[in-house]
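Undergrad: how would this look folded up:
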Amino acid sequence: MSKNTKKNSSVDSNNQKLLKKRKKEEDKELKEAIKETNKNIKRQQKQRRELGKRINFAPMEELIPIKKAIDRGNAGFEYQNNLGYFDIVRIISFDFEAMDDEELAQHIYHWGRFYLITPNPLKRLSLNMPVDTSQKVKYYTKLLERTKNPIKRETIIKMINELKTSFEGRETRDYFMFYYADDLDSLRNEAAQISASLEDKGYAVKLSPLTKLQVLNKLCNPYTNKDMLTENFA
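TA: Numbering: from 1, shown residues only. Below you'll find the model as predicted:
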């Protein structure tokens with residue numbers, strides 16, 4: 001076996017290990033999110049009982065009748081009763097007043113063109129979402145593991161603590177677009193169209209299954225979505 005062949009084999013092996021490690025980390029994050037959601041459900045139910053309130057909530061199948069998550073949510077969701085499919089992307093917000101005329105014209109052109117060529121229904125909405133600092137915390141935690149200098153370590157620890165505490169309970173206004181299709185192939189075509197028309201231009205961004213879960217949690221009744229979360233994402 002030549003040196004180049006051995007080198008390529010080693011690179012492939014390392015890439016596979018990295019992919020497995022990344023998938024394991026994503027699975028862990030998803031399970032933690034589900035666990036936290038279920039904990040919140042129990043806490044809220046306890047609070048409701050303590051206050052003596054009796055509130056009737058609509059069941060999950062009436063709010064968002066999800067049958068299953070496609071590829072664990074990476075490729076969207078299937079509705080019950082053959083009602084079709086849907087997926088979610090986040091819309092990048094801009095300060096239009098700060099744009100010059102050319103930037104604004106480009107923005108209007110690309111969104112207008114997308115609306116004209118897409119055959120499927122869309123729904124845009126805005127939600128107050130919690131500020132997510134988990135990725136930054138993860139980055140600085142790994143940096144801390146590699147750092148030996150005690151002064152730098154102290155600075156990194158301070159940054160991690162600030163990220164964990166300073167943004168707790170804070171929310172940001174995010175914008176999302178739901179897109180729908182009658183069958184899975186049409187949904188995939190729509191995803192490709194959104195990628196070419198909006199994502200590549202910096203007007204929209206794909207969401208991780210974890211973020212989609214958070215969006216659905218916001219839209220759905222927190223007292224009745226436990227089965228949907230555990231069956232479709234776990």
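Undergrad: for the rest of this, base every contact and every neighbour count on C-alpha atoms.
TA: OK.
Undergrad: for Val89, list each beta-bridge partner.
TA: The bridge-partner assignment for Val89, based on DSSP bridges, gives Met177, Lys206.
Undergrad: tell me the pLDDT of it.
TA: For Val89, the pLDDT comes out at 94.
Undergrad: give me the number of residues near it?
TA: Other residues within reach of Val89, judged by other CA atoms under 10 Å, total 22.
Undergrad: check Tyr179 too.
TA: By other CA under 10 Å, neighbour count at Tyr179 equals 21.
Undergrad: please apply the same query to Ser197.
TA: 19.
Undergrad: what residue is smack in the middle of this structure?
TA: The residue lying closest to the centre of the chain (CA atoms, centre = their mean) is Thr211, at 2.1 Å.
Undergrad: gap between it and Glu36?
TA: Going from Thr211 to Glu36 by CA to CA, to the nearest Å gives 14 Å.
Undergrad: what do you get for Phe96?
TA: Taking CA to CA, one finds Phe96 at 37 Å from Glu36.
Undergrad: name the SS class of the residue nearest to the centre of the chain, please.
TA: Taken by DSSP: H, G, I helix; E, B strand; the rest coil, the conformation at Thr211 corresponds to helix.
Undergrad: can I see the domain layout of this protein?
TA: The chain resolves into domains spanning 3-131+169-233, 136-166 when parsed by automatic domain parsing.
Undergrad: list the buried ones in the shortest one?
TA: In other words, domain 136-166. Using 16 or more other CA atoms under 10 Å as the test for burial, domain 136-166 gives Val137, Tyr140, Thr141, Leu144, Arg153, Ile156, Ile160, Leu163.
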